[in-house]
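**Student:** give me a model of this one.
(chains A and B)
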2 protein chains.
Amino acid sequence: MQTDEGREVISLAIKAKEAARLMGQSAIGARNQAIFYFYEALLDNKEAILAANQKDMARADANDPQTKRLKLDQGKLAVVIDGLKALIKMDDPLGRIDLARELDKDLNLYRVTCPIGVIAVIFEARPDALPQIAALCVKSGDAVILKGGKEAEETNKELFACLQKAMIKAQLPVDAVHLLTSREAVKALLAADKYVDLIIPRGGNALVTYVQKNTRIPVLGHAEGICHIYVDSTADGEIAKRVCVDAKVNYPAACNAAETLLFHKAVPQGMIVEIVGALRAKGVEVKGDAEIARICATRSLSVLPADERDWTTEYGDMTIAVKMVDNLDAAILHINEYGSGHTDAIICQSAERWEKFFGGVNSAGVYRNASTRFADGYRYGFGAEVGISTNKMHPRGPVGIEGLVTYKYKLEGQGQTVEEYSNGEKTFSHKDLQAEK
Amino acid sequence: MQTDEGREVISLAIKAKEAARLMGQSAIGARNQAIFYFYEALLDNKEAILAANQKDMARADANDPQTKRLKLDQGKLAVVIDGLKALIKMDDPLGRIDLARELDKDLNLYRVTCPIGVIAVIFEARPDALPQIAALCVKSGDAVILKGGKEAEETNKELFACLQKAMIKAQLPVDAVHLLTSREAVKALLAADKYVDLIIPRGGNALVTYVQKNTRIPVLGHAEGICHIYVDSTADGEIAKRVCVDAKVNYPAACNAAETLLFHKAVPQGMIVEIVGALRAKGVEVKGDAEIARICATRSLSVLPADERDWTTEYGDMTIAVKMVDNLDAAILHINEYGSGHTDAIICQSAERWEKFFGGVNSAGVYRNASTRFADGYRYGFGAEVGISTNKMHPRGPVGIEGLVTYKYKLEGQGQTVEEYSNGEKTFSHKDLQAEK
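**Tutor:** The predicted structure is shown next:
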């Protein structure tokens, strides 16, 4: 923290904290206006943004898988711009009352949503994520410190300039938004627990794990996505095949893609062969345990041997591990032991098995007869996604804008003292009031 | 973790984790039955429990302030026993659905409450807290590892024996409840992030701070309670006096007791003198800044000098710091800078000032014209209190049984794939279903 960089980050975080207070008290009209001006600025500066991205792309290593994510083209930018329009239409997330209770006459308690404060977002590549998350923070009345990657420096600078202009035009505090680039800044941010209230790492496992291990600030995110599909002995074969293929093939790099299939030992061999065959036909590399390999060999389906490490590997590509389990309990135990608590599905026709699976699996998403790929804020209808959390505690799973707000208790009295209630002079009524949503 | 003690804690935590799964799937009837048998056992063993407590008391240092908390008498035990009865009547906190949404025909999403898993509770003294929190964990379907203090060893052993008997009688897994005593155990628990999902420290600042700094497991609690009362220039003098006296004097050792009073500089001197005088009359030591000291000196009210350190001191006794501030903004800044985010109050008659104070103060509880001492799960009508959290994120403030549950997303489909929605074959309906509470 003794470096110049470190000091700069702290001084900027202090400014952000002060600006956060003003943001939290700003009218929804002003926040929406800022998002609208941001939208306009992005439209007006489209060419400059795309040109900046081409500069970043020119510097990038074409063989690095990151580079694909770095690219910002007309299509991706249009999606971002449309997203801002949709965000403006969303209700104000602040000032919502989800508990309203009369403690006694003229002593009313409310639980009211409010901003979290200062949010640090650490990106890898993906310049399109920057305007999305920055606009969400404007909507939620939070200050945001964006730490972009070196690789997206030119693009981020252009995007951020649009955001700054928008804040000024909407007369919101410009210190509520910051952009950092250097790697040193990450260390300083992680240590700034006096000023930063939440960290959202948007990047690969290595980044997320690093952040989780090196800060006392709450982290919203997930390191790994080791999602399972368990095909029960009561499974419908057609459903099993559709879901397994989709969960692996639709977008293998996603955190909600399936990494391991588990088959109940009573699943007909024909069904196993059918599913493995369908995956192979799509070009998926299948790694199976001895039993699965034996069954597939009878139909000349090539399966590589799987070992213990495969159960904890997030391939993130066209590879899947397949294992046979003795029963539902063994499947649940496997998932809880090797999974990452992200999203896991059962394919079954039995309501009883489903209930047991749902109760037994400790994951943020537990599905029946549906692809794990549905685990996503947009698909859940949240309108926007801040991230996916594999924490046990709230917020858990795909997190919409509600992940950027917290709440405080508001108590309005007329001079009441606790003494009056302790000595029996007065008693609590604890009557629920009509809560506005 | 290489010690025998460490290994023992881990092996017990593994058992707790497995038992937690069974607890989470147990019927509410069985969980309530266990609480009822616990209630019965405590009644039946009252004499043995009180005798055990006398043994602990005999060993204790009578001059240690902890010792008062160690004492368990007829009255305290009766409160605990009554609490269990009330807990049985509370609704099942599990399986509640707070979001129910049709994503598309035959593709329904629910957000359902479920247990957190394994909860470790670390106590100092206060044997009465043990049965309360253990019973809450039974109700919420969590497994619980209770780490009691050496000083309460005999009492805790008796209390825990009642709990174990109750679990067995209710046919719930007895491995869902554990009692540890040694100091070594704390270290092992803090490192057991693979098995322990939440830590609740119930004790002084030093314990809570130690826990917060030495674990990656989420911590529910608060280290400090530096609560403020800001007396605005629009304050009603009578209300100000009542609230200030109550917040300091009602129970000075509580975390929600006031530690600092801030006066707007336009508050009439007579009102300041009246309030300081009332505090002095109750035996409160008042530490004031130069301006407050000057005003009080004119009426021969003795005030000790306050310095910078006083603004960050949780006295926990009959001492209070008093400061004059230039305006409302200065009060808000002082509270956000020196406070602990617990509970802070304004005394004012102006709706506008109240709105600004509420918006500007970043605390779990922000009050108007009411004593900070109301910050408590029972007074809020939560029926029971798990703890008070000064975290920015959920759960925040006084936390009831909802702090012992989390949620997971349940998705029920008929073989839907994300591919169908990406390629436009199908579209999401995102229609809210009738949510059952």
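**Student:** wait, residue A:162 sits on residue A:48?
**Tutor:** No - taking contacts as Cβ atoms under 8 Å, residue A:162 lies outside contact range of residue A:48: 9.3 Å. Every residue, glycine included, has its C-beta placed from N, CA and C.
**Student:** between these two, which has more neighbouring residues?
**Tutor:** Between residue A:162 and residue A:48, counting by other Cβ atoms under 10 Å in any protein chain shown, residue A:162 is the more crowded of the two (21 against 13).
**Student:** find the residue closest to the residue in the stretch 51-200 of chain A positioned nearest to chain B in space, skipping its chain neighbours.
**Tutor:** Closest approach between the stretch 51-200 of chain A and chain B, counting by Cβ to the nearest Cβ: residue A:197, at 4.8 Å. Nearest residue to residue A:197, sequence neighbours excluded (Cβ to Cβ, 6 or more residues apart in numbering or on different chains): residue A:117, at 3.9 Å.
**Student:** show the backbone phi and psi for the one you found.
**Tutor:** Backbone torsions of residue A:117, given as degrees, to the nearest 10, read phi 130, psi -110.
**Student:** around chain B, which positions in the stretch 251-400 of chain A sit nearby?
**Tutor:** For the stretch 251-400 of chain A, the residues found near chain B under the criterion Cβ under 8 Å from any Cβ of the partner chain are A:251, A:332, A:336, A:354, A:356, A:358-360, A:362-371, A:373-375, A:379-381, A:391-398.
**Student:** which residues touch stretch A:7-25?
**Tutor:** For stretch A:7-25, the surrounding residues in contact (Cβ atoms under 8 Å, 6 or more residues apart in numbering or on different chains) are A:1, A:31, A:94, A:114-115, A:117-118, A:138, A:141-145, A:172-176, A:178, A:180, A:185, A:188-189, A:192, A:195-196, B:332, B:336, B:356, B:359-360, B:362.
**Student:** the stretch 1-150 of chain A: strands as residue ranges?
**Tutor:** For the stretch 1-150 of chain A, strands defined by DSSP state E, counting those that start in this stretch occupy the ranges A:97-104, A:107-115, A:118-123, A:143-147.
**Student:** could these be laid out in TSV, adding mean pLDDT, distance to residue A:55 and mean neighbour count?
**Tutor:** Written out in TSV, the entries for those read as follows (pLDDT from 0 to 100; distance: least, Cβ to Cβ, whole Å; neighbours: other Cβ atoms under 10 Å in any protein chain shown):
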stretch	mean pLDDT	distance to residue A:55	mean neighbour count
strand A:97-104	96	47	17
strand A:107-115	97	35	21
strand A:118-123	96	18	26
strand A:143-147	97	19	27
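**Student:** and those as a markdown table, adding distance to residue A:419?
**Tutor:** Rendered in a markdown table, the data for the strands of the stretch 1-150 of chain A read as follows (distance: least, Cβ to Cβ, whole Å):
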| stretch | distance to residue A:419 |
| --- | --- |
| strand A:97-104 | 14 |
| strand A:107-115 | 14 |
| strand A:118-123 | 38 |
| strand A:143-147 | 40 |
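**Student:** export these to TSV and tack on distance to chain B?
**Tutor:** As requested, the strands of the stretch 1-150 of chain A are arranged in TSV below (distance: least, Cβ to the nearest Cβ, whole Å):
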stretch	distance to chain B
strand A:97-104	6
strand A:107-115	6
strand A:118-123	10
strand A:143-147	12
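**Student:** looking at those, which is closest to residue A:408?
**Tutor:** Checking these against residue A:408 by Cβ to Cβ gives strand A:107-115 as the closest, at 5.3 Å.
**Student:** same for that closest one, what does it pack against?
**Tutor:** helix A:4-24, strand A:97-104, strand A:405-416 (3 or more Cβ pairs under 8 Å, 6 or more residues apart in numbering or on different chains; DSSP states H and E).
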